[in-house]
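Can you look at this prediction? I've put the sequence above it.
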Number of protein chains: 2
Amino acid sequence: MSRRATATEPRRVQGHPVYEVKAELFRILGHPVRVRILELLRDGERTVGDLQHELALDSSGTSQHLGVLRRNGVLESRRESTNVYYRVRDPRTFQLLEVAREIIGSNLAESRDLLAELDRR
Amino acid sequence: MSRRATATEPRRVQGHPVYEVKAELFRILGHPVRVRILELLRDGERTVGDLQHELALDSSGTSQHLGVLRRNGVLESRRESTNVYYRVRDPRTFQLLEVAREIIGSNLAESRDLLAELDRR
DNA sequence: TACAAATCTTCGAAGATTTGAAGGTCTTAG
DNA sequence: CTAAGACCTTCAAATCTTCGAAGATTTGTA
């Protein structure tokens, strides 16, 4: 035996242990505007102006959040004359949103049940 | 027609629109220590001291991160004499980690392919 | 009761993120 | 070439998060 059982070397991605990269992905998704952007992109690409309008944000805020998502590989964009179209790069990103919704849904159901329980006394 | 097409009222959970609650869940998961805690709990409950040892953290840091996860409904705990055992409340939480891993995996594969592409010139 | 072990809380400094304002770049139409 | 539209960047103030030290609680045991 050359190692203790608990001292497993963590797998790495681009020099960072995987759990850090995962955390970073979640942190990137951890902003309401960015979640909404992803939801708006569920049905396909959209221009910045279009998103900006739906989000009721200014140009700066919209660009900044899109930039965070693009630089971190969640979104990609293409330019068509003066418009820039954004889309989600990996469709599994939507799965994250979907699973999150499910978890939230049943958390809610549980609190409802708990409240009903309390009422009954 | 009583409303414009784009002005849909957002669904709400505990007074917050769903996209905010989703973002919050992701934000909670968006810290390397908290991701590791969840990974350590994949095979069942663990005591605080045990986690603390694996994370190589002090008691304060461990408690604080566990507290964040518990207060937000990701974890739950039970006490057995002086030990507190933590476990993940909803197994779908692991699905989030799993999907994140897949996304990260293929992002990595893509960059590898891109680099190979560049090499070939 | 007094003590030790395990866990939790509080607090302030340091660090990271968000926001909004201002201005910059790029592209096409005229 | 110039103007207008669409998008992006920079910057500093405000806000939020993390970290570590110190101490408080809780529980079982002598």
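Okay, I see it. Numbers count the residues shown, from 1 in each chain, chains lettered A, B, ... in the order given.

pull the longest helix from chain A.
Looking across chain A with DSSP state H, the single longest helix is helix A:92-119.

Helix B:92-119 and that helix, what's the angle between them?
Here helix A:92-119 runs at an angle of 170 degrees relative to helix B:92-119 (axes from the mean of the first three to the mean of the last three Cα atoms, to 10 degrees).

May I see the buried residues of helix A:92-119?
A:93, A:95, A:96, A:97, A:99, A:100, A:101, A:103, A:104, A:107 (16 or more other Cβ atoms under 10 Å in any protein chain shown). Heads up, the C-betas are built off the backbone N, CA and C, glycines and all.

Show the average pLDDT along that helix.
Mean per-residue pLDDT for helix A:92-119: 86.

Tell me which other helices or strands that helix touches.
Here helix A:92-119 touches helix A:32-40, helix B:18-29, helix B:92-119, going by 3 or more Cβ pairs under 8 Å, 6 or more residues apart in numbering or on different chains; DSSP states H and E.

Tell me what angle that helix forms with helix B:18-29.
Using the same axes, to 10 degrees: helix A:92-119 against helix B:18-29 is 100 degrees.

my read: residue A:42 touches residue A:95, true?
No - using Cβ atoms under 8 Å, residue A:42 is not in contact with residue A:95, being 11.4 Å away.

any chance of the buried residues of helix A:92-119 in JSON lines, plus distance to residue B:34?
As requested, these are arranged in JSON lines below (distance: Cβ to Cβ, whole Å):
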{"residue": "A:93", "distance to residue B:34": "20"}
{"residue": "A:95", "distance to residue B:34": "20"}
{"residue": "A:96", "distance to residue B:34": "16"}
{"residue": "A:97", "distance to residue B:34": "19"}
{"residue": "A:99", "distance to residue B:34": "17"}
{"residue": "A:100", "distance to residue B:34": "15"}
{"residue": "A:101", "distance to residue B:34": "20"}
{"residue": "A:103", "distance to residue B:34": "15"}
{"residue": "A:104", "distance to residue B:34": "17"}
{"residue": "A:107", "distance to residue B:34": "17"}
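
Residue A:61 versus the spatially most central residue of chain A, what's the distance?
The centre of chain A sits closest to residue A:29, judged by Cα atoms, centre = their mean, with a distance of 3.0 Å. As judged by Cβ to Cβ, to the nearest Å, residue A:29 and residue A:61 stand 17 Å apart.

what about chain A, any weak spots by pLDDT?
Scanning chain A with the threshold set as pLDDT under 70 gives A:1-8, A:117-121.

Quickly list the domain ranges of it.
According to automatic domain parsing, chain A is divided into the following domains: A:13-89, A:91-121.

Got the phi and psi for residue A:44?
phi 120, psi 180 (degrees, to the nearest 10).

Show me what the closest residue to it other than its chain neighbours bridges to in the sheet.
Nearest residue to residue A:44, sequence neighbours excluded (Cβ to Cβ, 6 or more residues apart in numbering or on different chains): residue A:87, at 6.8 Å. For residue A:87, the beta-bridge partners under DSSP bridges are residue A:76.
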